[in-house]
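**Student:** give me a 3D structure for the following:
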Amino acid sequence: MRRLAIFLPNWVGDAVMATPALAALRRRYGDAVELIGIARPTIADVLAGARHVDRFWPRDERGTPPSLDWRACARRLRAARVDGTVHFTNDFASALAARFAGVPLIAGYARNHRGFLLTVRLEAPRRGRRWLPVSAMDYYLRLAQAIGADPAAPRVDLGTTPADEADADRAWATIGLAVGERPVVINSSGAFGSAKLWPEASCSALAAKVARGLRRPVVVLAGPAEHDRARRIAAAAGHPRVAALDGAPLSIGLSKAVVRRACVLVSTDSGPRHFGAAFGVPVVALFGPTDPAWSDTRHAHEIRLAHPIACRPCAARECPLGHHDCMRKLSVDEVAAAVASALGEPGGQEPAGENPGSMRTIPIGARA
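**Tutor:** As a prediction, the model looks like this:
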């Protein structure tokens, strides 16, 4: 084995949860094998700053929406004389590319009718025709184990680059934060769809409560397409210590550096939530349509909040019933109490209830 190509996940959060498996593969092969990450540019940015792979190849994509160009990928695998591929993605095209390239080792889950293309086949846990919820972290670790890796205790891990930190320094100066000052960061992004979003009015009210009651600066974080949303949230909070990153290039690298500097991260179940776990930042996670079991990072300092409602988790991108109550009814007071608890402030209260996933996390309310 000289070169191992790894088809990395397409979602930011999943890419973070793949880092324990990448670390296991690194321990297994050391520097004797070149690890190549095949990924979209966004995912390469997520993993930049840490030595998870030796180099990245951008995915060869075509079509609308874009999908893997398996022929171009096969040519590249063959030209590089790749000895093995690991498929964290479940797509048929990547396995077909590896087979046509003549790759000897092709490891992945036998899903989407691709089992016959794989040389190392795993079955995803299911009951009948229904997939069972399992953390993506464990899902990827099983693949690493299947080709000889011996994973240690799983822990997600990320890094930042000097350029990321320089961008964060400039952002701190722009919004009036002192060097070394650690704000509460509110992440209101939701590339998955509107069903994951907490209402803007709730975000603004929480920011005001934190700034006034807990006397902590607040930074509102959102994805590049949600810059206006972040500005509206910060403006509606009506407090000089609440700011959005106006004018800053909201790159993945800057987002990582901002979360790394936070004292607490309040986040929807979106990619930046996983940044908090990777950097050891206390997280207050707001769950609506998604089941926490799929994205359990076993972060020791995460408090999960979920409103008990019969229709959740539905996993829909938009609320199919039109009321969005799973997120709308998460109260500002409950979230503020969880933030105070994460900060160790008087009056902070850990939500009560049974734990639906990792024993190190605490949900609120009963699961419907």
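**Student:** helices of the stretch 51-200 of the chain, start to end?
**Tutor:** Taking DSSP state H, counting those that start in this stretch, the helices of the stretch 51-200 of the chain run over residues 70-79, 92-100, 136-146, 162-175, 200-213.
**Student:** so what does the next helix-or-strand element following the last one touch, helix or strand wise?
**Tutor:** Yep, that's helix 200-213 we're talking about. Later in the chain than helix 200-213, the nearest helix or strand by DSSP states H and E is strand 218-221. When contacts are defined as 3 or more C-beta pairs under 8 Å, 6 or more residues apart in numbering; DSSP states H and E, strand 218-221 packs onto strand 184-187, helix 200-213, helix 227-237, strand 242-244, helix 252-260. For the C-beta atoms, the positions are set from N, CA and C on the backbone; glycine is no exception.
**Student:** at 6 Å what do you get?
**Tutor:** For strand 218-221, the packing partners by 3 or more C-beta pairs under 6 Å, 6 or more residues apart in numbering; DSSP states H and E come out as strand 184-187, helix 200-213, helix 227-237, strand 242-244.
**Student:** need the winner for burial among the helices of the stretch 51-200 of the chain.
**Tutor:** Among these, ranked by average contacts under mean count of other C-beta atoms under 10 Å, first place goes to helix 92-100 (a mean of 23).
**Student:** so for that one, mean pLDDT?
**Tutor:** Mean pLDDT, computed over helix 92-100, is 98.
**Student:** dump the helices and strands packed on strand 218-221 to TSV, plus mean pLDDT.
**Tutor:** Below are those laid out as TSV (pLDDT from 0 to 100):
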stretch	mean pLDDT
strand 184-187	95
helix 200-213	94
helix 227-237	90
strand 242-244	94
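**Student:** with distance to residue 239 added, can I get the helices of the stretch 51-200 of the chain in a markdown table?
**Tutor:** Output for these, formatted as a markdown table (distance: least, C-beta to C-beta, whole Å):
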| stretch | distance to residue 239 |
| --- | --- |
| helix 70-79 | 50 |
| helix 92-100 | 48 |
| helix 136-146 | 37 |
| helix 162-175 | 13 |
| helix 200-213 | 4 |
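**Student:** which among those is found nearest to residue 229?
**Tutor:** For residue 229, the closest of the helices of the stretch 51-200 of the chain is helix 200-213, at 6.5 Å, according to C-beta to C-beta.
**Student:** which residues are contacting the closest one?
**Tutor:** Helix 200-213 has contacts (C-beta atoms under 6 Å, 6 or more residues apart in numbering) with 184, 186, 188, 216, 218, 232-233, 236-237, 239, 241-242, 332, 335-336.
**Student:** again, only using 7 Å
**Tutor:** In this structure, residues lying in contact with helix 200-213 by C-beta atoms under 7 Å, 6 or more residues apart in numbering are 184, 186, 188, 216-218, 220, 229, 232-234, 236-239, 241-242, 266, 332, 335-336, 339.
**Student:** give me every residue that touches residue 263.
**Tutor:** Counting by C-beta under 7 Å, 6+ apart, residue 263 touches 182, 183, 184, 216, 343.
**Student:** again with residue 277
**Tutor:** Contacts for residue 277 (C-beta under 7 Å, 6+ apart) come out as 156, 283, 297, 299, 302.
**Student:** how near is the third one to residue 283?
**Tutor:** In this structure, residue 297 and residue 283 are separated by 9 Å, where distance is defined by C-beta to C-beta, to the nearest Å.
**Student:** how about the first one?
**Tutor:** Here the distance between residue 156 and residue 283 works out to 12 Å (C-beta to C-beta).
**Student:** the more surrounded of these two?
**Tutor:** Using other C-beta atoms under 10 Å as the criterion, residue 156 and residue 283 rank with residue 283 on top: 29 against 23.
**Student:** state the helix or strand in which the nearest residue to the more buried one once chain neighbours are set aside lies.
**Tutor:** Spatially, and ignoring its direct neighbours in sequence, residue 283 is nearest to residue 276 (4.0 Å; C-beta to C-beta, 6 or more residues apart in numbering). Using DSSP H and E, residue 276 sits within helix 271-279.
**Student:** can you name the next helix or strand after that helix?
**Tutor:** Using DSSP H and E, the next helix or strand after helix 271-279 towards the C-terminus is strand 283-287.
**Student:** next one: that next one to chain centre, how far?
**Tutor:** 12 Å (C-alpha atoms, centre = their mean, to the nearest Å).
**Student:** and the contacts of that strand?
**Tutor:** For strand 283-287, the surrounding residues in contact (C-beta under 7 Å, 6+ apart) are 198, 264-269, 273, 276-277, 299, 301-306, 327, 330, 335, 338-339, 342.
**Student:** next step: the residues you listed restricted to strands.
**Tutor:** Secondary structure defined by DSSP state E assigns 264, 265, 266, 267, 268, 302, 303, 304, 305, 306 of the contacts of strand 283-287 to strands.
**Student:** can I get these in a markdown table including distance to residue 114, pLDDT and neighbour count?
**Tutor:** Shown next, in a markdown table, are those (distance: C-beta to C-beta, whole Å; pLDDT from 0 to 100; neighbours: other C-beta atoms under 10 Å):
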| residue | distance to residue 114 | pLDDT | neighbour count |
| --- | --- | --- | --- |
| 264 | 42 | 97 | 27 |
| 265 | 37 | 97 | 30 |
| 266 | 39 | 96 | 32 |
| 267 | 33 | 92 | 27 |
| 268 | 32 | 88 | 24 |
| 302 | 34 | 94 | 25 |
| 303 | 39 | 94 | 24 |
| 304 | 34 | 92 | 24 |
| 305 | 38 | 91 | 23 |
| 306 | 34 | 85 | 27 |
